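Chemist: model this:
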Amino acid sequence: MTTPPTASLAPPGLRGVVVTETTLGDVLGEEGSFHYRGYSGVELALTRDVEEVWFLLHRGHLPSATERAAFGAEVAAAREPGAAVRAALPGIAAAGEGAAPLTGLRTALSLLAAEEGLRPVLDLDPARRARDALRLCAVTPTVLAALHRLRRGLDPVPPRTDLGTAAGWLWMLTGEEPDPRHVRALQRYLVATLDHGFNASTFTARVVTSTGADVAAAVVAALGAFSGPLHGGAPDRALAALDEIGTPERAGAWVRDRLAAGERVMGFGHAVYRTADPRAVLLSATARELGGELADRAAAVERRVVEVLAELKPGRSLHANVEFQAGVVMELCGLDRVLFTPTFAVSRVVGWCAHVLEQTDEGRLVRPSARYVGPPPRPVPPRP
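Modeler: Predicted structure coming up:
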């Protein structure tokens with residue numbers, strides 16, 4: 001269908017365009033806050049575990065103690081991949097640089113969908129959709145941890161039923177009893193990043209779901225969007241920038257050089273927030289609780305970079321975003337940098353699946369239009 005000439009053109013990147021309604025949460029950019037179903041995301045990160053907030057997003061309310069125990073058991077039982085996926089993981093891990101954990105996860109989840117016969121959400125009742133969504137969320141950290149270890153010549157560590165998502169992730173990566181301080185810090189990060197408005201990967205998941213496809217198809221598509229360095233692929237790059245800066249005294253010159261070269265200052269600025277990113281504030285405090293030279297240096301560099309950005313870009317409110325401090329926290333928790341974006345995916349898959357379930361209830365195909373600006377209609381010339 002040709003777009004009528006009078007149709008208004010959406011702003012670049014669809015900034016500010018409202019495409020649907022959601023009950024899952026909101027990002028309040030001017031206020032510098034975000035929430036899940038009305039509950040402060042920061043407060044939830046400080047007081048609740050991953051499973052409780054996962055339950056909130058997927059089931060609609062915070063669980064009672066009985067519901068929390070039952071849900072935790074349901075998640076634990078769904079963590080182990082099937083035989084076909086387990087057999088394929090060594091080959092996926094050995095496929096080369098293109099088989100980094102996030103890339104391998106896409107392959108493994110597609111295989112899981114085939115192995116378990118996941119059907120289009122359009123053909124499923126709500127209970128089956130919810131089970132498929134939980135299965136994808138539960139198995140994701142197991143697959144990612146296994147791929148990471150296999151690529152390093154180590155055997156995968158089976159998931160434990162007695163550990164929650166945060167502790168279980170650390171256990172499967174190392175095979176060692178996780179440090180409670182690291183579990184607490186990582187849990188805050190995971191809860192704070194479960195969902196965050198209609199970002200690129202979430203919107204992708206909803207578009208695919210609107211076609212009636214299965215849950216794995218939506219998650220795999222979301223992972224593709226998420227892998228980009230301007231989205232989920234940023235935490236390791238932000239920490240690399242901190243390494244490059246070195247000392248706080250060098251931060252000013254580093255920022256000036258980057259901006260003069262027309263490059264991005266990774267880890268700073270956000271598409272929605274016009275104040276400090278509340279997730280970055282939370283994680284900065286968490287890094288300071290963990291302590292050490294890196295946490296102190298990161299805080300000092302952050303202050304200096306914000307000062308220089310304010311000087312060079314007056315009128316724009318550019319603060320550290322979640323990627324800058326996320327990298328610091330994950331480094332302090334002992335995670336390899338190649339695991340920063342996969343760790344982000346461990347949490348965000350829960351949000352994607354919550355949107356899959358909500359989009360399925362909406363039942364409308366997402367089908368926007370484009371304005372054609374190419375040559376006018378013309379005849380096909382004779383073949384030379």
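Chemist: can we go C-alpha only for contacts and neighbour counts from here?
Modeler: OK.
Chemist: flag every buried residue along the helix or strand of the chain with the lowest mean pLDDT.
Modeler: Scoring the helices and strands of the chain by mean pLDDT, DSSP states H and E places helix 235-245 at the bottom, with a mean of 78. Across helix 235-245, burial judged by 16 or more other CA atoms under 10 Å covers 235-242, 245.
Chemist: equivalent analysis for stretch 66-79, please.
Modeler: Neighbour-count burial for stretch 66-79, counted by 16+ other CA under 10 Å, picks out 68, 71-72, 74-76, 78-79.
Chemist: take those residues and keep only those in helices.
Modeler: Counting by DSSP state H, the part of those found in helices is 68, 71-72, 74-76.
Chemist: with distance to Val281 and pLDDT added, can I get those in TSV?
Modeler: Formatted as TSV, those follow (distance: CA to CA, whole Å; pLDDT from 0 to 100):
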residue	distance to Val281	pLDDT
Arg68	28	98
Phe71	30	98
Gly72	29	97
Glu74	33	98
Val75	30	98
Ala76	31	97
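Chemist: go through the residues you listed and name the one nearest Arg181.
Modeler: Nearest to Arg181 out of those is Gly72 (CA to CA; 21.2 Å).
Chemist: the closest one contacts Glu51, correct?
Modeler: Yes: Gly72 lies in contact with Glu51 (CA atoms under 8 Å); the separation is 6.5 Å.
Chemist: hey, what's in contact with both of those two?
Modeler: When CA atoms under 8 Å, 6 or more residues apart in numbering defines a contact, the residues bordering Gly72 and Glu51 alike are Gly164.
Chemist: and the strands in the stretch 101-250 of the chain?
Modeler: Assigned by DSSP state E, counting those that start in this stretch, the stretch 101-250 of the chain shows no strands.
Chemist: buried stuff in stretch 21-39?
Modeler: By neighbour count with 16+ other CA under 10 Å, stretch 21-39 contains the buried residues 24-27, 29, 33-37.
Chemist: Arg303 - how many residues pack around it?
Modeler: Arg303 has 15 neighbours, counted by other CA atoms under 10 Å.
Chemist: can you tell me how far it is from Asp296?
Modeler: Counting by CA to CA, to the nearest Å, the gap from Arg303 to Asp296 is 11 Å.
Chemist: try Val380
Modeler: Distance from Val380 to Asp296, by CA to CA: 66 Å.
Chemist: so between those two, which is more surrounded?
Modeler: More neighbours surround Asp296 than the other of Val380 and Asp296, with 14 against 6 (other CA under 10 Å).
Chemist: ok so that one is a strand residue?
Modeler: No: when DSSP: H, G, I helix; E, B strand; the rest coil is applied, Asp296 is found to be helix, with no strand at that position.
Chemist: now name the helix or strand holding Asp257.
Modeler: Taking DSSP states H and E as the definition, Asp257 sits inside helix 251-260.
Chemist: buried residues in that helix?
Modeler: For helix 251-260, burial by neighbour count (16+ other CA under 10 Å) applies to 251-252, 254-256.
Chemist: enumerate the positions of stretch 141-152 that are buried.
Modeler: Buried positions in stretch 141-152, judged by neighbour count with 16+ other CA under 10 Å: 141-151.
Chemist: from memory Pro342 sits against Ala100, does it?
Modeler: No: counting by CA under 8 Å, Pro342 stays clear of Ala100, with 9.5 Å between them.
Chemist: out of those two, which sits in the busier spot?
Modeler: Pro342 (26 against 20).
Chemist: contact partners for the closest residue to the more buried one other than its chain neighbours?
Modeler: Leaving aside its chain neighbours, Pro342 sits nearest to Leu102 (6.0 Å; criterion: CA to CA, 6 or more residues apart in numbering). By CA under 8 Å, 6+ apart, the contact list for Leu102 reads 144, 223, 227, 341-342.
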